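# fold the following.
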Amino acid sequence: MEAQNAQRRSYQVVIAATRDMGIGIDMKLPWDLPNEYQFFQDVTSRTSDPRKRNATIMGRKSWEATPLEFRPLPGRLNVVLTRSNCHSIPTDDDNVMVCGSMESALELLGKPPYSFSIEKVFFIGGGELLRQYMNAPSCDAIHLTEVDISVPCDTFAPRVDTCLYRPWYSSLPVVENGIRYSFNTYVRRKDLISGSGLEAEQYSFLPKIVFERHEELGYLNLVQQIISHGDLNDNNTLLSKFGCQLRFNLRKTFPLLKTKKVLWVGVVEEILQLISGSTYPREKGINHIWESDEAKEYLDSFGVEATEEDGDHPLLTGLYWRHSDASQELSQISDVINKIKNNPHDRGITLSACKLSLSSCQTFAQFYVANGELSCQIYQSSTEASLGIPFSIAAYSLLTCIIAHVCDVAAGDFIHLIGDAHVNTSHTKAIQKQLQISPKPFPILKINPEKTKIEHVEASDLDLLDV
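Just a heads-up that it's a prediction; the model follows:
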């Protein structure tokens, strides 16, 4: 029995569901979303090896609910689970295989010839089988299109068990035929698997189209562009690229980069310092993290030293709140919160992080409220890409999440616009090593629900899970 289990294939679930996890009514989809169907097609049919194909496992009812013109699903091995004879299933078709159970199907797919010809295995329903297998140990990932509607359904899927899975990717909301939805991928937590090591933390099992949507790859691609095609300054110390944009979704995860170490306690201190209006953290009894051994160890881990070209501090590029009048900054924060609460459609909800005359690394933030969500876009005229950008992403995302929390709205998008993004030429070797690291799931930020006023938020109220 143990030998048989070792040969079983694992699988990934691909479904679309309403807010109530409804997936169908009268054996039909309760929506018409062509782009969502195309995503399903792309995920389940594309392979990295052109000599192979994928397998889609489904119950008999799901097979019968598939329109005749799409049955069997082209380019895939259709595995139908049924214990009864079904005349609608062509047993003489090489694209169709009938199995009596999920277990027997996975065992069969794990043996030759299928072990050599099938690249990935996807499970697509229906409801009764999803309740058994969606959160089962052999399920590596769940690709869930979350359709933001509540409509009558007679078939339901279970909710994703967030104790077992964590978000890998969540798309920005899409609106099609008046329906708002998003594509989401959840991956099984490898740390819960007994004996799992570093190998288990790789996510190459995901479909390429999903793996490449991880938001950290946008940052990595930017850094790669700078060191490969950036403009070299006159004294050969900086490579730069002008006019850059990064975008992160704050609805499910928090963009603390995983391929680059970011000092989270430093991010928290800087944001709480801005919120408090204090120029010196020690005024409130806060340990100044930048003078701590932890911060020094953090900087030493990069094997580089900051230069004048990097800014006043390699971690504070773009965060020049200390150069401004503290009371003025506190007033700006109060004004932002007041507008979000009382006039959310105001087009001038802005925050200036420094006086323009004092720094060339000016940071300007604008907030936007729509669909009960708060988004933030910042502009930095100049910032260092290797150290400064990861810190700024985390800092302004945290500020956005805290403001959204105290204003009783959800966090939405964080958009990072950069005028001059640059790296020091002495850092390129360290960056090239970083580019070889595969992204991992972002952590999840939890804020103490009892803290409803921004000035009452403390470091202990900010919990970053799976950091």
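
# buried ones in the lengthiest strand in the chain?
Taking DSSP state E as the criterion, the chain has its longest strand at strand 410-424. Residues 411-416, 418-424 are the ones in strand 410-424 that count as buried (16 or more other C-beta atoms under 10 Å). In short, each C-beta sits where N, CA and C put it, glycine included.

# do stretch 96-106 as well
Buried, per 16+ other C-beta under 10 Å, within stretch 96-106: Val96, Met97, Val98, Cys99, Met102, Ala105, Leu106.

# pLDDT for the buried residues of strand 410-424 - can I get that in CSV?
Formatted as CSV, those follow (pLDDT from 0 to 100):
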residue, pLDDT
Ala411, 98
Gly412, 97
Asp413, 97
Phe414, 98
Ile415, 97
His416, 97
Ile418, 95
Gly419, 95
Asp420, 94
Ala421, 95
His422, 95
Val423, 94
Asn424, 92
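
# most widely separated two among those?
Gly412 and Asn424 (33.6 Å; C-beta to C-beta).

# low-confidence stretches in the stretch 151-300 of the chain?
Counting by pLDDT under 70, the stretch 151-300 of the chain has low-confidence residues at 191-201, 277-300.

# where exactly do the strands run in it?
155-156, 165-170, 174-176, 179-188, 231-232, 238-249 (DSSP state E, counting those that start in this stretch).

# within its sheet, name the partner strands of the first one and how each one runs.
Strand 155-156 sits in its sheet next to strand 22-24 (antiparallel), going by DSSP bridges.

# and the next helix or strand after the strand it pairs with, how far from the chain's centre?
Moving toward the C-terminus from strand 22-24, the first helix or strand encountered (DSSP states H and E) is helix 34-45. Relative to its chain's centre, helix 34-45 lies at 20 Å (C-alpha atoms, centre = their mean, to the nearest Å).

# related to what we said a few turns ago, paired strands for the longest strand of the chain, with orientation please.
Paired strands of strand 410-424, with direction, are strand 238-249 (antiparallel), strand 373-384 (parallel) (DSSP bridges).

# now find how far off-centre stretch 84-103 is within its chain.
Distance, stretch centre to chain centre, for stretch 84-103: 37 Å (C-alpha atoms, centre = their mean).

# one more: stretch 418-426?
Chain-centre distance of stretch 418-426: 25 Å, with C-alpha atoms, centre = their mean.

# do stretch 177-187 as well
Here the centre of stretch 177-187 is set off from its chain's centre by 13 Å, with C-alpha atoms, centre = their mean.

# again with stretch 396-404
Distance, centroid of stretch 396-404 to centroid of chain: 16 Å (C-alpha atoms, centre = their mean).

# who's in contact with it?
Here stretch 396-404 makes contact (C-beta atoms under 8 Å, 6 or more residues apart in numbering) with 248, 250, 254-255, 267-268, 271, 274-275, 333, 336-337, 340, 365, 367, 373-376, 378, 410-412, 414, 416, 445, 447, 454, 457, 462.

# for Tyr11, phi and psi?
phi -150, psi 170 (degrees, to the nearest 10).

# before we move on, what about the one 3 residues further on?
Backbone torsions for Val14, taken as degrees, to the nearest 10, come to phi -130, psi 110.

# which among the contacts of stretch 396-404 count as buried?
248, 250, 254-255, 267-268, 271, 274-275, 333, 336-337, 340, 365, 367, 373-376, 378, 411-412, 414, 416, 445, 447, 454, 457, 462.

# what is the burial count for the residue lying closest to Tyr165 once chain neighbours are set aside?
Using C-beta to C-beta, 6 or more residues apart in numbering and skipping residues adjacent in sequence, the residue nearest Tyr165 is Tyr186, 3.9 Å away. By the criterion of other C-beta atoms under 10 Å, Tyr186 has 26 neighbours.

# and what of Asp161?
Asp161 has 14 nearby residues by other C-beta under 10 Å.

# with Asp463 instead?
Neighbours of Asp463 under the rule other C-beta under 10 Å: 12.

# by contact count, what packs against the one helix or strand it maps to?
Element membership of Asp463, judged by DSSP H and E, is strand 462-465. The criterion is 3 or more C-beta pairs under 8 Å, 6 or more residues apart in numbering; DSSP states H and E, and the helices and strands that strand 462-465 contacts are strand 444-447.

# pairing partners for the strand it packs on, with directions?
Assessed with DSSP bridges, strand 444-447 is paired to strand 462-465 (antiparallel).

# quick one: contacts of the strand it pairs with?
The contact list for strand 462-465, computed with C-beta under 8 Å, 6+ apart, reads Phe254, Leu256, Trp264, Val268, Leu398, Ile402, Pro443, Ile444, Leu445, Lys446, Ile447, Asn448.
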